[in-house]
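Chemist: Give the three-dimensional model of this entry:
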Amino acid sequence: MLDRINRTRRPRTMRTLIAAAATAVLTASLLAAPTPAAAAVSRAELALRWAPIHYQDVDATGSHALSGQSDYISTVDFDGDLNGRNNWDRAGQAGTSLAAHAYYSVVETSTHWYITYFFFHPRDWTDHPFFETEHENDGEGTLFAIERDGSPYGVLRSAVTVAHSDFFSYTPAGSTWTSGRESIDGTLQFQASPHDAFQHPVTAQEAQGHGLKAYPQYAINGDGLVYYPSTVAETPSSSNDRDVRYQLIDIFAVGGLWAQRSNPSLFASLGTFAGDTSGDCGVGTWSCSTNSANAPWGWDDGNDVPARGEIASDPAKLSAEYFTVPAGLARTYTYNPYATAAAALAEAARTAPPTID
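Modeler: Numbering: from 1, shown residues only. So this is what the prediction gives:
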C-alpha cells in the first residue's frame, strides 16, 4: 500500500527520472564488476590451436614411392586394421585411406602444457641402391612447450623435433628460453592459416625417410604437400597439393594409440611398431629392417640425457635439460596418462636395444 501511495503522489516525470537513475546505477555496477574468467579451453582445442602448418616434401619417382603416396601422412590403421606388419604391402592399394591425420598428446604441469604431435607414414623408403635401408612404418614428430601465462592458449616457448634418431631444438623469435645442455638449432617460424584465425608454428618433413625439423631446415623440393590443421581430414589431390587439411587424433582417446600399446599386432615392444620384410621392402636397396619405427613413447636421441620416450612421457625433464628457463618450470604433472606406465617405460629404456627410425 505504501509503495502504491508513494507512486501515486509522484509526478510521472519524477518516476521516470528515478527509474533512469536506478538503471544507470545498475549499469555502472555491472560495468565495474570483474569480468568472469574465460572458460578453460579443452585439450583438443589447445592441440588444434598450436598444431603446426606442416610442409611435406614428396618424391614421386621409383616403384617404392607409389607415385608420391609413400610420403603422404596417414593413420596407423589407414588400411582398416591394426596390423603393423602389412602396412608396407597395403600402402597405395585400392580401398585404403590416405586422408591426412596427425596424432597428439597433451600433458600438463601447473606452469606448462606440453603437446606432442606425431606424423605417421606406412613406409620409410629409399630409391638408392646402396648403403640405405627401408622399413615398414615410420613415426616422427615434435614436442611443443607452452607456458601457461593466464591467456586461454598460453605462449609457445620451444620446440624439439625428431629426425630419425636425433632431436633438434628450436625457439620462436622473442622466446625467453635460451640454450641449456643442448644448443638451439634454429628459429621456429610462424605462418597464418587460411582455415582459422591463428598464426601456427611451421614444421617440415623430408621425403623418403621423413626426418622432421622446423621449416625451412627441411623444405619442399619439387613436388610437395602443405598440410593445415583442421577438424576435417582431406586426401591430397596429387603429389603437389599445397592446401591439404589434416585432422588431429588424441593418442589418449578410448581405444586409441596409447590404449593399443600392448597390442602385439601393432607393436613389437613398448613404443616400437611391428614391421617385417614382406613385399618389396628392401628390393633394389641395401636392406629392409624390421621393427624399426617408434611411437612418441619410443623416441630417443641416444646421445642426450633424457631417456627413451621421455620427450613424450616426461617433457618437463627434457625441457629443463635442453633449455634454460628463466622463470623455471614445474616438474610435477597434474595430467599425464603416460605416467601410468612410467615403470615399464623406464625398464624398456634400460634394456631395449637401440632402434633405427
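Chemist: what ranges do the helices span in this structure?
Modeler: For the chain, the helices defined by DSSP state H cover 2-9, 12-32, 43-50, 87-90, 310-313, 315-322, 342-351.
Chemist: can you give me the strands in the stretch 251-357 of the chain?
Modeler: For the stretch 251-357 of the chain, applying DSSP state E, counting those that start in this stretch gives strands covering 267-269, 272-273, 287-289, 323-324, 333-335.
Chemist: out of these, nearest to Gln205?
Modeler: strand 272-273 (17.2 Å; Cβ to Cβ). Heads up, the C-betas are built off the backbone N, CA and C, glycines and all.
Chemist: What helices and strands are in contact with that closest one?
Modeler: strand 133-147 (3 or more Cβ pairs under 8 Å, 6 or more residues apart in numbering; DSSP states H and E).
Chemist: Only C-alpha atoms, please: export the strand it packs on in CSV.
Modeler: Taking C-alpha atoms only, strand 133-147 is exported to CSV below (Å, rounded to 0.1, in the frame of the first residue of the first chain):
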residue,chain,number,x,y,z
THR,A,133,67.8,-49.1,-45.6
GLU,A,134,64.0,-49.1,-45.8
HIS,A,135,61.5,-50.3,-43.2
GLU,A,136,57.8,-50.7,-42.7
ASN,A,137,56.0,-47.9,-40.8
ASP,A,138,57.6,-44.5,-39.9
GLY,A,139,56.8,-42.2,-37.0
GLU,A,140,58.4,-38.9,-36.3
GLY,A,141,57.1,-35.6,-34.8
THR,A,142,57.7,-32.7,-32.5
LEU,A,143,57.2,-31.5,-28.9
PHE,A,144,55.9,-28.0,-28.2
ALA,A,145,56.3,-26.4,-24.7
ILE,A,146,53.5,-23.9,-24.0
GLU,A,147,53.8,-21.6,-21.0
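Chemist: tell me which residues in it are buried?
Modeler: Neighbour counts over strand 133-147 (16 or more other Cβ atoms under 10 Å) mark 133-147 as buried.
Chemist: Determine the number of other residues adjacent to Gly174.
Modeler: Using other Cβ atoms under 10 Å, Gly174 is surrounded by 8 other residues.
Chemist: Which of the helices and strands in this protein ranks last by mean pLDDT?
Modeler: helix 2-9 (a mean of 34; mean pLDDT, DSSP states H and E).
Chemist: where along the stretch 51-200 of the chain do the strands fall?
Modeler: Using DSSP E, counting those that start in this stretch, strands in the stretch 51-200 of the chain cover 53-57, 101-109, 112-124, 133-147, 155-163, 166-172, 178-179, 186-188, 190-192, 199-205.
Chemist: With mean pLDDT and distance to Val232 added, can I get the ones you listed in a markdown table?
Modeler: Output for the strands of the stretch 51-200 of the chain, formatted as a markdown table (pLDDT from 0 to 100; distance: least, Cβ to Cβ, whole Å):
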| stretch | mean pLDDT | distance to Val232 |
| --- | --- | --- |
| strand 53-57 | 98 | 15 |
| strand 101-109 | 98 | 10 |
| strand 112-124 | 98 | 17 |
| strand 133-147 | 97 | 21 |
| strand 155-163 | 98 | 24 |
| strand 166-172 | 98 | 27 |
| strand 178-179 | 98 | 38 |
| strand 186-188 | 98 | 26 |
| strand 190-192 | 98 | 19 |
| strand 199-205 | 98 | 16 |
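Chemist: And these: which comes nearest Trp299?
Modeler: Closest of the strands of the stretch 51-200 of the chain to Trp299 is strand 155-163, at 5.2 Å (criterion: Cβ to Cβ).
Chemist: and the angle for the closest one with strand 133-147?
Modeler: When axes from the mean of the first three to the mean of the last three Cα atoms, to 10 degrees is applied, the directions of strand 155-163 and strand 133-147 differ by 170 degrees.
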